[in-house]
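Q: One predicted model, sequence on top.
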Amino acid sequence: MITALYSDQVIAENAAMDRRLAALILSRGNRIGYIASGPEPQREFFNEKRRYYLSYGLSLDLFFDLDVLSGDEEIGRLFSCSAIHLTGGHTGDFLRRLRQSGMLEKLRAWARDDGIVVGTSAGAILMTPTIAADALFSGGSPDAVRDGAALGLVPFEFFPHLNDDPGYLSALLRYSETTATPIFACRDGEGLILGNALIEIFGAPLMISGGFAEVADRGRIADLLSRA
């Protein structure tokens, strides 16, 4: 399994991570499936991502709508892709759609069977054990989230867009005192690629645990992954 967790994606600061991810995907093929977080009648975000991936020699050629009942053939097409992209958007709605469509378990199983999953913002949060930290974006408390269980592909929580509000860091520090799960917080332009003995850090994401924050390093991540 390979997971790529982005805070944001279509910005110049992500070029190094983009190139590395593209090389990993191209080693298996060039088709990427796109799971939308919500309705996209005009396919505006899909078309933007299609152009973006095309610039790296990758083909985003399958739009998967969780609100539409999909048959075995279309699900098979999705899981025959070289990688699957989980979009940004409203994290709670995205999780609800994954559950209601029956795709949460299917996607988890596919990923663990050596799949490549790419997540941006909400999509990256969904790769973790819980979406609790997402509550901070709406002024809520992560500790109040009771039904946030997500894909659990990585043994930590993920918080994107750390640079958007100076209050996010202090809120994450407080939350880290009440949860045993470490939190990785990324500014836009930062991210992680993990899996198959691969640990690559882009930028200087913070690892937050027990009320403290430090710049993430490979050793700490390796230790965390080994204990998962």
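A: Great, that's in hand. Since this is a predicted model, take the numbers as computed values, not measurements. Numbering: from 1, shown residues only.

Q: what's the closest residue to Asp8 other than its chain neighbours in contact with, if anything?
A: Taking CB to CB, 6 or more residues apart in numbering as the measure, Asp8 lies nearest to Asp188, with 4.0 Å between them; neighbours along the chain are not counted. No exception for glycine: its C-beta is placed from N, CA and C like everyone else's. By CB atoms under 8 Å, 6 or more residues apart in numbering, Asp188 lies in contact with Ser7, Asp8, Ile11, Glu13, Pro160, His161, Asn163, Asp164.

Q: which of those residues are buried?
A: For those, a neighbour count by 16 or more other CB atoms under 10 Å gives the buried set as Ser7, Asp8, Glu13, Pro160, His161, Asn163.

Q: Quick check: the gap between the second one and Leu224.
A: Spelled out, it's Asp8. When CB to CB, to the nearest Å is the yardstick, Asp8 and Leu224 sit 24 Å from each other.

Q: So which residues make contact with the host helix or strand of Ala222?
A: When elements are defined using DSSP states H and E, Ala222 is found to belong to helix 218-226. Judged by CB under 8 Å, 6+ apart, the contacts made with helix 218-226 from elsewhere in the structure are Pro155, Phe156, Pro182, Leu192, Leu194, Ile199, Ile201, Met207, Glu214.

Q: can you tell me which residues contact the fifth one?
A: When the contact criterion is CB under 8 Å, 6+ apart, the partners of Leu194 are Ile2, Thr3, Leu5, Val154, Glu200, Ile221, Leu225.
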